[in-house]
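3D model of this:
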Amino acid sequence: MSPQGSASPLAPVDTAGPVGGDPRSHLLNGSTAEYYRRLVSDGVARVARTVAGTSRPFTGVTPGELASVVDGIDLDSPLGDPAAALDELERVYLRDAVYFHHPRYLAHLNCPVVLPALLGEAVLSAVNSSLDTWDQSAGGTLMERRLIDWTADRIGLGRAADGIFTSGGTQSNLQALLLAREEALRLLRKNSSTPPPVSRMLPKLRVLTSEAGHFSVLKAAKLLGLEPESVICVPCDGDRRMRTDVLARELRRCREEGLTVMAVSATAGTTDFGSIDPLPEIAELCREAGTWFHVDAAYGCGLLASPTRRHLLSGIERADSVTVDYHKSFFQPVSSSAVLVRDGAALRHATYHADYLNPVRSAEKLIPNQVDKSLQTTRRFDALKLWLTLRIMGADTVGALFDQVVDLAADTWRILEDDPRFTVVTRPTLSTLVFRYTPCADTGAGAGRADETAVDLANLHAREALAASGEAVVAGTVVDGRHHLKFTLLNPETTTDDIRAVLDLIAGHAQEHLASSAARPDGSPAA
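Sure, this is the predicted structure:
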């Protein structure tokens, strides 16, 4: 057994190429199709046995330990044998990978993946369509467009909506804010008797977002040439939702100071808290101010398929743009994401025509070239994974899986609320909980006398020790200047028994750390 508990490697099979010494024998084509089938089948069998035999989410390997293994591979000396390469892959990757399908992987927004999507991954990799132009993809273009229409309909954006698949939420947010910036500049030029140069308009642009929003909004502003002070973080209430009273005040202040709010970016499912900003109220404020309304629903988009909780996204239908990450709450492999807009005409701000690829005459002939809408040129047919998921499982089944993890989060909140060893920051709306080990007088080991700094260190130590053991993986974050731990629950196979077991492990590591610190005169941990 490997450190992960996986089964021993499969016996080598005959995967020799059809023409041993001919470099062309490594290309997929009609003459190598049978070789391809055997080769991929052997790799799939290896992965399947590894997944089936995984007993913990991580081995606890350190970067230094694994680096020496990877650095020892001579990439200029090919093994020439697929079975040997798979054996080597087990040592450098499979053995020590972090396995999101394990029920005690509780850290980040990584989900176990549904089988129909893996089927799609196999198909799209082999056919290798590029979705930038019709003459490189044909049906793939139409299927992606159909999925965009389906998603826009689920959101309620209207018949003029459009969008494009992206690499992830960061790219989607960047493109949404690019469109917002260009629309803001267009309106400034339109409403000015003497349109100022862009260099004078950019410094006056502002983006308002929640203080709990994703950092990609800040990154996008920088990439779009905005000043560091251009992003204004609006405070949150006790449930970690954007305060609309402060938002209204900031919109008014910007107007009075001659600043242009090019976008308000709300969040439907913050990374740390899973909180959903008050979308109807924000939408109304944006309407009154004439401001672009963006909703980052990278996490919360799973509610679009929920049979019971779709109402939690009320107000999203009024957005000008929406980010969705299917590879979070639709249980898709990375990457599978999209940005959608209420008015498809806004996507023209991302359009550039190249004579060799998508000349203007192609648009005039209504040839559907997706590159006209995208920040990317060459682009995978990632939409196929979602297509097969919907055609095999159906949206209701996907939504039921997401409902299960939201239900689990509610149960976990009750467990944390009843456990005197922990304090939880806020009741979850989705499937994320932020909490902190907080020693009380009856935990012993001097824990009751621990100050906040010592408790910070104990929580940090507990997370690191847990990962090093490989028994579970949890995340960490900082709330109000103090270190906290975080469960991100996206695995319907996780149970409350798993949760209780992990909490006991966390408490044990934290108590041990506090005890060892108290044993030393300077309060530092014992060596």
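
can you dump the C-alpha coordinates of stretch 176-183 into PDB?
What follows is stretch 176-183 as a C-alpha-only set of coordinates in PDB (Å, rounded to 0.1, in the frame of the first residue of the first chain):
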ATOM      1  CA  ALA A 176     -17.100  41.600 -16.500                       C
ATOM      2  CA  LEU A 177     -15.200  44.600 -15.100                       C
ATOM      3  CA  LEU A 178     -13.600  45.200 -18.500                       C
ATOM      4  CA  LEU A 179     -17.000  45.500 -20.000                       C
ATOM      5  CA  ALA A 180     -18.200  47.800 -17.100                       C
ATOM      6  CA  ARG A 181     -15.100  50.000 -17.600                       C
ATOM      7  CA  GLU A 182     -15.700  50.400 -21.300                       C
ATOM      8  CA  GLU A 183     -19.400  51.100 -20.800                       C
END
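
List of residues touching that stretch?
The contact list for stretch 176-183, computed with Cβ atoms under 8 Å, 6 or more residues apart in numbering, reads 205, 207, 217, 220-221, 224, 226, 262-263, 265, 292, 294, 320-323, 339, 341, 346-347, 349-350, 375. (Each C-beta comes from the backbone N, C-alpha and C, glycine too.)

Take those and keep only those in strands.
Taking DSSP state E, the ones among these that sit in strands are 205, 207, 262-263, 265, 292, 294, 321-323, 339, 341.

Just the local confidence number for Gly20, please.
We have a pLDDT of 57 for Gly20.

how about low-confidence regions in this protein?
1-20, 441-450, 520-527 (pLDDT under 70).

can you map out the strands along it?
So, for the chain - with DSSP E - the strands run 105-106, 162-166, 205-210, 231-234, 260-267, 292-297, 321-325, 337-341, 422-424, 432-437, 473-479, 482-488.

and the ones you listed, which is most packed in?
strand 321-325 (a mean of 30; mean count of other Cβ atoms under 10 Å).

relative to strand 260-267, how tilted is that one?
30 degrees (axes from the mean of the first three to the mean of the last three Cα atoms, to 10 degrees).

Tell me which residues are up against strand 321-325.
109, 151, 155, 157, 168-169, 172-173, 176, 179-180, 292-299, 301, 304, 316, 336-342, 346.

Paired strands for that strand, with orientation please.
Partner strands for strand 321-325, per DSSP bridges, with pairing direction: strand 292-297 (parallel), strand 337-341 (antiparallel).

Can you lay out the strands of the chain as CSV showing distance to Ser55?
Output for those, formatted as CSV (distance: least, Cβ to Cβ, whole Å):
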stretch, distance to Ser55
strand 105-106, 13
strand 162-166, 36
strand 205-210, 40
strand 231-234, 43
strand 260-267, 36
strand 292-297, 35
strand 321-325, 29
strand 337-341, 32
strand 422-424, 26
strand 432-437, 25
strand 473-479, 14
strand 482-488, 20
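
Show the contacting residues for Leu251.
So Leu251 contacts 208, 261, 264, 285, 289, 291 (Cβ under 8 Å, 6+ apart).

Of these, just say which sits nearest to Arg380.
Val264 (31.7 Å; Cβ to Cβ).

so where do the helices sit in the stretch 251-400 of the chain?
279-289, 326-329, 360-364, 383-392, 395-418 (DSSP state H, counting those that start in this stretch).

For the ones you listed, give me TSV that also has distance to Thr432.
Listed next are these as TSV, based on distance: least, Cβ to Cβ, whole Å:
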stretch	distance to Thr432
helix 279-289	18
helix 326-329	11
helix 360-364	43
helix 383-392	23
helix 395-418	7
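
So which of these is the most surrounded?
helix 326-329 (a mean of 28).

Now find how far off-centre it is within its chain.
7 Å (Cα atoms, centre = their mean, to the nearest Å).

Report the separation between Gln136 and Arg380.
Note on Gln136: its distance to Arg380, by Cβ to Cβ, to the nearest Å, is 11 Å.

got any residues that touch both of these two?
Common neighbours of Gln136 and Arg380 (Cβ under 8 Å, 6+ apart) are 129-130.

re the thing from before, of all the strands paired with strand 321-325, which lies closest to Leu485?
Judging the strands paired with strand 321-325 by Cβ to Cβ, what sits closest to Leu485 is strand 292-297, at 23.9 Å.

Let me know the angle separating that closest one from helix 279-289.
Using the same axes, to 10 degrees: strand 292-297 against helix 279-289 is 160 degrees.

got the CA coordinates for strand 292-297 in PDB?
The C-alpha trace of strand 292-297 is given here as PDB (Å, rounded to 0.1, in the frame of the first residue of the first chain):
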ATOM      1  CA  TRP A 292     -23.200  48.600 -13.800                       C
ATOM      2  CA  PHE A 293     -24.300  45.800 -11.400                       C
ATOM      3  CA  HIS A 294     -22.000  42.700 -11.400                       C
ATOM      4  CA  VAL A 295     -22.700  39.600  -9.300                       C
ATOM      5  CA  ASP A 296     -19.900  37.200  -8.500                       C
ATOM      6  CA  ALA A 297     -21.800  34.000  -8.100                       C
END
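
Show residues contacting that strand.
169, 172-173, 176-177, 179-180, 183-184, 213-214, 217, 262-269, 279, 282-283, 286-287, 304, 313, 316, 318-324.

switch to 6 Å and redo it
173, 176, 180, 214, 263-268, 283, 286, 316, 319-324 (Cβ atoms under 6 Å, 6 or more residues apart in numbering).

just stretch 140-159 next, same as before
Contacts for stretch 140-159 (Cβ under 6 Å, 6+ apart): 129, 131, 134, 161, 163, 165, 304, 316-317, 322, 340, 342, 368, 370, 381, 383, 386-387.

Report how many residues lie close to Pro78.
9 (other Cβ atoms under 10 Å).

And it, how close does it get to Tyr36?
For Pro78 relative to Tyr36 (Cβ to Cβ), the value is 18 Å.

try Cys233
From Cys233 to Tyr36 the distance is 51 Å (Cβ to Cβ).

contacting residues around Leu340?
152, 163, 322.

Could you rerun that using 7 Å?
Applying Cβ atoms under 7 Å, 6 or more residues apart in numbering to Leu340 gives the contacts 148, 151-152, 155, 157, 161, 163, 321-322, 324.

Show me what it is bridged to.
Gly163, Val322.

Assess the claim that Ser337 and His327 are in contact.
Yes: with contacts counted by Cβ atoms under 7 Å, Ser337 reaches His327, the gap being 6.3 Å.

if we can go back for a sec, would you list the ones in strands among the contacts of stretch 176-183 in CSV and tack on distance to Gly399?
Shown next, in CSV, are those (distance: Cβ to Cβ, whole Å):
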residue, distance to Gly399
Leu205, 38
Val207, 31
Met262, 34
Ala263, 29
Ser265, 25
Trp292, 29
His294, 24
Ser321, 23
Val322, 17
Thr323, 19
Val339, 21
Val341, 24
